[in-house]
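Asker: My questions concern the predicted model and sequence given below.
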Amino acid sequence: MTNWIRNLGAFSLNQIMNLGAAGLFLFKGFLWAFIPPFKFQRFLNQIKFIGVNSLVIIVLTGIFTGMVLGIQGYYSLNKFGAEALLGPAVALSLIRELGPVISALMVTGRAGSALTAEIGIMRISEQIDALEVMALNPFRYLIVPNFLAGIISFPLLAAIFDVVGIYGGYLVGVKLLGVSEGGYFGEMRTYVDFQDILDGFYKSLSFGIIMTWICCYKGYNAGYGAEGVSKATTQAVVTSSVLILVWDYFLTSVMF
Amino acid sequence: MEKGEILALIGKSGYGKSVLLKHIVGLLKGDQGKVIIDGQDITQSKGSAQERLRRKFGFLFQGGALFDSLTVFDNVAFPLREKTKMKEKEIREKVFFQLEQVGLKGSESKYPAELSGGMKKRVAFARSLILDPEIMLFDEPTTGLDPIIANTIHKLIKDIHERLKFTGIIVTHEVPKIFSIVQKVAMLDEGVIIAQGTPEEFKSSSHPLVQQFISGGIETIPES
């Protein structure tokens, strides 16, 4: 009995300590983002790595998500004779919800895992220690460029996802199912507010922070050997994805 | 230890030699105790004070700790680009000179993955020397290398020490080979220095563990 209580206590303490360490990590990341000199070249490299290199997967998932929304939306709206509203239905679903969330999950799977693995390998092969011994701040070199790249890339990728998705919905709704082209885009202009776009923007911005925070933190604190890195990578992707969905719910409930 | 001397730190594996080096440079923080470098305690230093202290160090890591994504040239040039205001032309000259010193002229454009273990160590050595450190720490510089390459690395350390006169600590198992390049030897066992002195004094130590280490005696493995 006492063992069980002791284990529970140790587990709880460990979780609280991890949470504190992760919070401190985020704080330090932001703090160093405001202290020059800035590593502009590395920041550009990470924009390419997180943003540009994710374009293909974002376009692919975006177009098919839009196409599915087109079919499903048409099916549902047809029951009420409201097919003309397919455009705003697809656009609102994408801009407010699916664009930021799916693009964030896709980028987490593609770039987040690689980010954790890269930083994790640097940790276990003492490359991060080497930076410290050279009196260079690892946060400035490794963490800040990723934070900033995430903050910039995620909203842009979500925007691309939205646009491609809307055209995916257009392909299915207008070209295949016969919804009027003018209605598809015209109704969209009527029903989609700037606030909806802004809400989607805030979401993807915060998802960018969550993904880079968790993935960098897990890599930075990776355990020993290949197993430590693989464990950190799995944990980073799972934790980031779950946190993105949980945070999405809270943000949606506040914005709704 | 005196300034300009090299100390060999020997001892059984897993008894804290590498950990001690990491404490000296401030990579690890102990629960208690001090590490005094030129009158300043590195364990208590932070920010720019810690940076100033760390500038005094060069550290040769056991695995080299070269940046995978950078070429040999960029690895060696990295500290110069980040910590000095030298022009690219001066950086090139200094890097080429340093690489020549460690016998790696012509390997500038290779990546660490293309290098052998001995070459990696030499690149790491060149990188750790590039800012002319006052103190060099070597964490098992010859582990995993064949005897010829190991001797080459030892000679390299000796030659460069004669030129730069850095103060050094070498964590090693290369006994008695290492005695020819160091001025002092210390043996660490279970967190305590059990013997120290010049190589001659060390060799004549009556401590059984020292003698066992020098003669390469076997240890009885406790039955589980």
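Answerer: Good, I have the coordinates. Numbering: from 1, shown residues only, chains lettered A, B, ... in the order given.

Asker: contacts and neighbour counts: CA atoms only from here.
Answerer: Will do.

Asker: which residues does the residue nearest to A:Ala149 when sequence neighbours are not counted contact?
Answerer: Leaving aside its sequence neighbours, A:Ala149 sits nearest to A:Ile47 (Cα to Cα, 6 or more residues apart in numbering or on different chains; 4.8 Å). Going by Cα atoms under 8 Å, 6 or more residues apart in numbering or on different chains, A:Ile47 touches A:146, A:149-150, A:152-153.

Asker: Where does pLDDT dip in chain B?
Answerer: Residue ranges of chain B with pLDDT under 70: B:217-224.

Asker: just curious, which of the contacts of A:Ile47 is nearest to chain B?
Answerer: A:Asn146 (16.3 Å; Cα to the nearest Cα).

Asker: Settle this for me: that closest one is touching A:Ile210, isn't it.
Answerer: No. Between A:Asn146 and A:Ile210 there is no contact under Cα atoms under 8 Å: 11.3 Å.

Asker: Which one's more surrounded, the two?
Answerer: Between A:Asn146 and A:Ile210, A:Asn146 has the larger neighbour count (other Cα atoms under 10 Å in any protein chain shown), namely 30 against 24.

Asker: Show me what counts as buried in the longest helix anywhere in chain B.
Answerer: The residue-count maximum for a helix in chain B (DSSP state H) belongs to helix B:147-164. Residues of helix B:147-164 classed as buried: B:150-154, B:156-158, B:161 (neighbour count, 16 or more other Cα atoms under 10 Å in any protein chain shown).

Asker: Get me the contact residues on chain B for chain A.
Answerer: Residues of chain B found near chain A (Cα under 8 Å from any Cα of the partner chain) are B:25, B:27, B:50-52, B:54-55, B:57-59, B:61, B:63, B:65-67, B:79, B:82.

Asker: which of those are buried?
Answerer: B:25, B:27, B:50-51, B:54-55, B:57-59, B:61, B:63, B:65-67, B:79.

Asker: what's the most distant pair in the residues you listed?
Answerer: Greatest spatial distance in these: B:Gln50 and B:Gly63, 24.5 Å, computed using Cα to Cα.

Asker: Just the contacts of A:Ile47: which are in helices?
Answerer: Those of those lying in helices (DSSP H): A:146, A:149-150, A:152-153.

Asker: tell me which of those is nearest to B:Ile42?
Answerer: Nearest to B:Ile42 among the ones in helices among the contacts of A:Ile47, with distances taken as Cα to Cα, is A:Asn146, at 29.9 Å.

Asker: who touches the closest one in this structure?
Answerer: A:43, A:46-47, A:212, A:216.

Asker: What of B:Pro79?
Answerer: Taking Cα under 8 Å, 6+ apart as the test, what B:Pro79 contacts is A:134, B:127, B:130-131.

Asker: if we can go back for a sec, need the contacts of A:Asn146 in CSV (columns: secondary structure and pLDDT).
Answerer: Output for these, formatted as CSV (DSSP: H, G, I helix; E, B strand; the rest coil; pLDDT from 0 to 100):
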residue, secondary structure, pLDDT
A:Phe43, helix, 95
A:Gln46, helix, 96
A:Ile47, helix, 96
A:Thr212, helix, 97
A:Cys216, helix, 97
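
Asker: would you list every one of the helices in the stretch 151-256 of chain A?
Answerer: For the stretch 151-256 of chain A, applying DSSP state H, counting those that start in this stretch gives helices covering A:181-191, A:194-220, A:225-255.

Asker: So which elements touch the longest one?
Answerer: With contacts defined as 3 or more Cα pairs under 8 Å, 6 or more residues apart in numbering or on different chains; DSSP states H and E, helix A:225-255 has these neighbours: helix A:99-107, helix A:113-124, helix A:194-220.

Asker: which bits of chain A sit near chain B?
Answerer: Residues of chain A lying near chain B (Cα under 8 Å from any Cα): A:122, A:125-127, A:129-130, A:132-136.

Asker: Assign a three-state SS to the residue nearest the centre of chain B, would you?
Answerer: Residue closest to the mean C-alpha point of chain B, counted by Cα atoms, centre = their mean, is B:Phe138 at 1.0 Å. Here B:Phe138 is strand, with the state taken from DSSP: H, G, I helix; E, B strand; the rest coil.

Asker: Quick check, A:Val90 in contact with A:Gly73.
Answerer: Yes. Assessed by Cα under 8 Å, A:Val90 is found in contact with A:Gly73 at 7.1 Å.

Asker: Can you pick out the residue with more neighbours from those two?
Answerer: When neighbours are counted by other Cα under 10 Å, A:Val90 comes out ahead of the other of A:Val90 and A:Gly73, with 31 against 22.

Asker: give me the element that one is part of.
Answerer: If you go by DSSP states H and E, A:Val90 is part of helix A:86-92.

Asker: Could I get the CA-only coordinates of that helix as CSV?
Answerer: Taking Å, rounded to 0.1, in the frame of the first residue of the first chain, the C-alpha atoms of helix A:86-92 are listed here in CSV:
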residue,chain,number,x,y,z
LEU,A,86,-21.7,24.9,-50.0
GLY,A,87,-19.1,27.6,-50.6
PRO,A,88,-19.4,29.2,-47.1
ALA,A,89,-19.7,25.8,-45.5
VAL,A,90,-16.5,24.6,-47.0
ALA,A,91,-14.7,27.9,-46.4
LEU,A,92,-15.8,28.3,-42.8
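
Asker: helices or strands up against it?
Answerer: helix A:55-79, helix A:144-170, helix A:181-191.

Asker: could you give the mean pLDDT of it?
Answerer: The average pLDDT within helix A:86-92 is 96.
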